[in-house]
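>>> got a predicted structure plus its sequence, pasted below:
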Amino acid sequence: MYAVTLSDGTAITRLHLNGSVFETTQTITREDIEGKLRHVRIVRTEPYEDTDMEGLAGEYESMKLGYFMKHGEVTQILLLPRDEAEAEKLQLRGDIDYLAMMTGVEL
């Protein structure tokens, strides 16, 4: 079992690993996760399960939500690392939006 702590301190606990997807019965929405993935900490809370991925536990910078789906009582979540090109693209877009806002330019 795993626990994930998001950058704002939100904790998602009692996560089981199903392949590469986390599954939980904890009530959680997409909005509870999005925008909170700048720094993510994953810890193993119980001994290894058969499906554990080697080295999954740790601290990650700049992740993205790759998959989010509810199946009855179970919510599946896939967290993926952002690649460097994507991070640069997001930073550039943020810089452009900021300059546009500060100068009154509408995009």
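Received, thanks.
>>> check the average confidence over stretch 100-107, would you?
Stretch 100-107 carries an average pLDDT of 88.
>>> chain center to it: distance?
Computed by CA atoms, centre = their mean, to the nearest Å, the chain-centroid distance of stretch 100-107 equals 30 Å.
>>> contacts for it?
96-97, 99 (CB atoms under 8 Å, 6 or more residues apart in numbering). Bear in mind the C-beta positions are built from the backbone N, C-alpha and C, glycine included.
>>> pull out the buried members of those residues.
With neighbours counted by 16 or more other CB atoms under 10 Å, these contain no buried members.
>>> pretty sure His16 sits against Gln26.
No: assessed by CB atoms under 8 Å, His16 is found out of contact with Gln26, at 11.1 Å.
>>> what strands line up against whichever strand or helix holds Leu15, and which way round?
For Leu15, the element it lies in under DSSP states H and E is strand 11-18. Here strand 11-18 has these sheet partners by DSSP bridges: strand 2-5 (antiparallel), strand 21-24 (antiparallel).
>>> hang on, the earlier thing: any chance of the contacts of stretch 100-107 in TSV, plus distance to Thr75 and secondary structure?
Shown next, in TSV, are these (distance: CB to CB, whole Å; DSSP: H, G, I helix; E, B strand; the rest coil):
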residue	distance to Thr75	secondary structure
Ile96	34	helix
Asp97	31	helix
Leu99	38	helix
